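*Asks:* model this:
(one chain, ligands or ions: 1)
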Amino acid sequence: MIALVSLFCAVSTDNLIEIRDVSFAYGSREILKGINLNAPRGKVIAIMGGSGSGKTTLLRLIGGQLRPTQGEVSMDGQIIHQLGNDELYKIRRKMGMLFQFGALFTDMSVFDNVAFQMREHTDLSEEMIRDLVLMKLHAVGLRGAHELMPHELSGGMARRVALARAVALDPQLIMYDEPFAGLDPISLGVIGNLIRRMTDALGLTSILVTHDIHESLKIVDYVYFISNGVVEAEGTPEEILASKLPFVHQFTHAEEDGPVPFHYPAPDYASDLALIKMAGK
Ligand SMILES: Nc1ncnc2c1ncn2[C@@H]1O[C@H](COP(=O)(O)OP(=O)(O)OP(=O)(O)O)[C@@H](O)[C@H]1O
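*Replies:* Now for the predicted structure:
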């Protein structure tokens, strides 16, 4: 009974993903310095921040490709960096990943792209796989395109196929790295709505890394802003839109310079230019 109670406690949290006081450095270069973040079950959360602020790094920590130097990342109560290879493999099966440009296999049809993981990781019959693939493609509006090759798809269609592929194995979590990048305004709206609809319909949890604040505020439940290695601001879309914090304001108003600097840290401009040095001689 005690074991049962403690098991229940371990998985009873509403958060599928919990990030507790996580720090990470590439070599001696500190990127994250004590991040706390939750992704509650069934919700869509966005992670935003300037270029190079560590958003993709955070996704890789969740995926177990990287190990925190301090703190813990857990999924369903399991601390990712403490898992052995087999357990890590199992937990990764519960994660879907959608990269910026879909990264479809170019020599495979749309159908085979979505079927790929089912064939690799399950014992399902081809008949069953066919039905499942068509169901996933139907959900993203592309059942009729299943025979096309990736080069015959528009950018928005490719992104939708990638989404169908990301949910092929019925994951609990989907991580999206820049899902809106390079899309026209209509495809942008389509992808945004699909992310929301798939999350709700399949009972998923979605974590979105994006620069597109306006598109994401329409569909997410909660936003985290990362800067200088910490969570600089967080809140619901309503709270973010009403925020007077300069950092948040810079994002919501797409200002080029502000608390998030336009320039990557560099030596003084004048002294860095050989021309000026020569003129001074
Ligand atoms: N493998 C690596 N080795 C060393 N440094 C790295 C490595 N990967 C990323 N970095 C550095 O870590 C920092 C954070 O990178 P990351 O890709 O997580 O940022 P990001 O917020 O996703 O950026 P963007 O929005 O531009 O994609 C960057 O300064 C980057 O140069």
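*Asks:* ok, residues contacting stretch 175-195?
*Replies:* 44, 55-56, 59, 62-63, 95-101, 140-141, 154-156, 159-160, 163, 174, 206-212, 215-216, 218-219 (C-beta atoms under 8 Å, 6 or more residues apart in numbering). Yep, even glycine has a C-beta here, placed from its N, CA and C like the rest.
*Asks:* Could you find the closest non-adjacent residue to M108?
*Replies:* Nearest in space to M108, with sequence neighbours left out and distances taken as C-beta to C-beta, 6 or more residues apart in numbering, is F116 at 6.9 Å.
*Asks:* all helices for the stretch 101-250 of the chain, in order.
*Replies:* 110-121, 126-139, 155-166, 185-202, 213-219, 237-242, 246-252 (DSSP state H, counting those that start in this stretch).
*Asks:* Could you check how far stretch 76-85 is from the centre of its chain?
*Replies:* Its chain's C-alpha centre and that of stretch 76-85 lie 19 Å apart, by C-alpha atoms, centre = their mean, to the nearest Å.
*Asks:* buried sites along it?
*Replies:* Neighbour-count burial for stretch 76-85 flags 76, 80, 83 (criterion: 16 or more other C-beta atoms under 10 Å).
*Asks:* So what pairs up with A39 in the strands?
*Replies:* I17 (DSSP bridges).
*Asks:* brain fart, G235
*Replies:* Bridge pairing for G235 - DSSP bridges - gives V223.
*Asks:* Show me what from the protein comes close to the ligand.
*Replies:* 26, 31, 49, 51-57 (C-beta under 6 Å from any ligand atom).
*Asks:* Now a PyMOL select for only the buried ones of these.
*Replies:* To isolate the buried ones among those in PyMOL, judged by 16+ other C-beta under 10 Å, type:
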select buried, resi 31+49+53+54+55+56+57
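*Asks:* For the residues of the chain next to the ligand, name the two members farthest from one another.
*Replies:* Greatest spacing in the residues of the chain next to the ligand, by C-beta to C-beta: Y26 and G49 (16.4 Å).
*Asks:* I'd like the buried residues of stretch 76-85 as CSV, with secondary structure and distance to L16 appended.
*Replies:* What follows is the buried residues of stretch 76-85, written out as CSV (DSSP: H, G, I helix; E, B strand; the rest coil; distance: C-beta to C-beta, whole Å):
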residue, secondary structure, distance to L16
D76, coil, 6
I80, helix, 12
L83, coil, 16
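*Asks:* pLDDT for the residues you listed - can I get that in a markdown table?
*Replies:* Shown next, in a markdown table, are the buried residues of stretch 76-85 (pLDDT from 0 to 100):
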| residue | pLDDT |
| --- | --- |
| D76 | 93 |
| I80 | 95 |
| L83 | 94 |
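*Asks:* Name the nearest of those relative to the ligand.
*Replies:* I80 (16.8 Å; C-beta to the nearest ligand atom).
*Asks:* Hmm, that closest one is touching L66, no?
*Replies:* No: at 9.6 Å, I80 does not count as touching L66 under the criterion of C-beta atoms under 8 Å.
*Asks:* For stretch 132-147, which outside residues touch it?
*Replies:* Residues contacting stretch 132-147 (C-beta under 8 Å, 6+ apart): 109-111, 114-115, 118, 124, 153, 157, 160-161, 163-165, 167-168, 190, 194, 198, 201.
*Asks:* Those, buried ones only, as a ChimeraX selection?
*Replies:* Buried residues among these (16+ other C-beta under 10 Å), as a ChimeraX selection:
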select :109,110,111,114,115,118,153,157,160,161,163,164,165,167,168,190,194,198
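*Asks:* Understood, closing this out.
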